[in-house]
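A.B. asks: just to be clear, the model below is a prediction. Sequence and coordinates:
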Amino acid sequence: QVQLVESGGGLVQAGESLTLSCAASGRTAGDWIMGWFRQAPGKGREFVGRIRWSDGDTHYGISVKGRFTIARDSAKNMVYLQMNSLKPEDTAVYYCAAARETYYVQRQQYEYWGQGTQVTVSA
């Protein structure tokens, strides 16, 4: 089992930056895909981005590309989501997710999810 805990959410103004953290614990050995998702009120879950643990390769959703950056700290088992130039439409609960790389390649799904952290961007 793997546990994921997000932190760093809060209230910011449009144009500001915020960094979210995701702490992974448990059986974290091996190669993983770590993803970030978000869900705004009344909307479905949206892919934000992901990072491949083994080499740091990243991929982003079109709505955040160029503004958000995902990074990892292997020594600390941490994943970060740096969010710049925030917009009111970025307001959502942000979730961290994890999947073993082999599982992800086979199923295109994530195995573990955090509880989420709220990000609110005021105009």
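C.D. replies: Noted; the coordinates are in hand.

A.B. asks: residue 84 contacts residue 90, correct?
C.D. replies: No. Contact criterion Cβ atoms under 8 Å: residue 84 and residue 90 do not qualify, at 10.3 Å. For the C-beta atoms, the positions are set from N, CA and C on the backbone; glycine is no exception.

A.B. asks: more crowded one of those two?
C.D. replies: Remark: of residue 84 and residue 90, residue 90 carries more neighbours, 22 against 14, as counted by other Cβ atoms under 10 Å.

A.B. asks: find the nearest non-adjacent residue to the more buried one, please.
C.D. replies: In this structure, residue 90 finds its nearest non-sequential neighbour in residue 121, 5.1 Å apart by Cβ to Cβ, 6 or more residues apart in numbering.

A.B. asks: how many neighbouring residues does the one you found have?
C.D. replies: Neighbour tally, residue 121, other Cβ under 10 Å: 20.

A.B. asks: renumber starting at 3 from here on
C.D. replies: Fine by me, first position is 3 from now on; the one you just mentioned is residue 123.

A.B. asks: name the residues that touch whichever strand or helix holds it?
C.D. replies: Assigned by DSSP states H and E, residue 123 belongs to strand 119-124. Strand 119-124 has contacts (Cβ atoms under 8 Å, 6 or more residues apart in numbering) with 8-16, 18, 20, 22, 40, 85, 88-96.
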